Structure formats: structure tokens, C-alpha cells
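J.: coords please:
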Amino acid sequence: MDFSKIQELIKAVSESSLTSFEFKCDGTQINMKKECEKVVVKEKPHLEALKEDIKKIEIQNFKEEDKREDKTKAAIEENYNVVKSPIVGTFYKSSGPKQDPFVKIGHKVKKGEVLCIVEAMKLMNEIESEFEGEVVEILAKDGEMVEYGEPLIKIKYSLCINA
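T.: Now for the predicted structure:
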């Protein structure tokens, strides 16, 4: 067997999926072995398993968010009064587009003072304060829809208000 034939044989075995090869002919013996890397293929998670994991994470996040909201609500109830919308409609801070808002953050309000307007069916409903105190946050955005019972304005308790 000539050298070029041996080279062709080596090349053929190398390119094949054989891991070992033995050749005997006319007193010539050729043994070839390929060292193969072991490849471990991990099964990819199924799409359904991934969806389940995502659902679990979302549920966990919602539960954590609910806990934070509960703590926030408790803090609000302890230190603040919250004025809520008595109707469904559009929230407005002022009586007109170029008018000053009824109240701003830091404004001291008295019971019965107009805080905002909620428009429903072309009727402008003035929302009056049920509390005395200082406006600390306006929760609704001007010109946006509000739902019944939706918090509009946070008022900090005040024992004494100077006019």
C-alpha cells in the first residue's frame, strides 16, 4: 500500500463518524482511534414550563406589590385623609384652562372648600373638602378620567389652621 493511499484512508476515517478503525493487508496493519469529546446536551425547558415559571414570577411580583400597596394604604390612613371621587368623570384642577388651580401642594384647606371639579355628562361637579388640613399630594392628573371611589387628593391632618 503506497503512502498516498494511506493518507486518503486517514482522511476518510477522520471525516467519518467512526471512532476506531483497523486495517490489515499483506502484512501491513493500521490502527486508528479518534479521541472524542463527550458532549452533554441538556434538554431545553419546554415552552409550557417556561410559561409556568413566568406565571409564578408574575404572581409573586403581584403579591409583593399588593403588600406594598397595603402598607402604603395603612400609612395614608394613619396620617392623611384621602378625598375620593364621588362619581365617574373627568378630573380638573381648575375651573378653566387658563385659571389657577383650586388647590396646590402645601395649600391649607378648610372643610367645605372646593378642591377640584369632576365633569360628568357635561355637568361640572365641584368636589369640596370634607377635611381640614394641608394638601400633600394631588393623585389625579388634570383632564384624565377618574373612577368612582378613586383617590384624588391627599390631605394631611391638621389640628389648627390659620386662615
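
J.: for this protein, what spans make up the strands?
T.: In chain order, the chain shows strands spanning 20-25, 28-33, 80-84, 89-92, 108-109, 114-120, 123-128, 133-138, 145-146, 151-157, with DSSP state E as the criterion.

J.: Count the neighbours of residue 147 for me.
T.: Burial of residue 147, expressed as a neighbour count using other C-beta atoms under 10 Å, amounts to 10. Every residue, glycine included, has its C-beta placed from N, CA and C.

J.: Same check on residue 135?
T.: Using other C-beta under 10 Å, the number of residues around residue 135 comes to 21.

J.: So it sits against residue 110, correct?
T.: No. Taking C-beta atoms under 8 Å as the contact criterion, residue 135 and residue 110 are not neighbours in contact, 11.7 Å apart.

J.: hang on, the earlier thing: dump the strands of the chain to a markdown table, plus mean pLDDT and distance to residue 102.
T.: Rendered in a markdown table, the data for those read as follows (pLDDT from 0 to 100; distance: least, C-beta to C-beta, whole Å):
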| stretch | mean pLDDT | distance to residue 102 |
| --- | --- | --- |
| strand 20-25 | 79 | 90 |
| strand 28-33 | 80 | 90 |
| strand 80-84 | 88 | 11 |
| strand 89-92 | 95 | 9 |
| strand 108-109 | 93 | 9 |
| strand 114-120 | 94 | 5 |
| strand 123-128 | 92 | 8 |
| strand 133-138 | 92 | 10 |
| strand 145-146 | 94 | 15 |
| strand 151-157 | 89 | 10 |
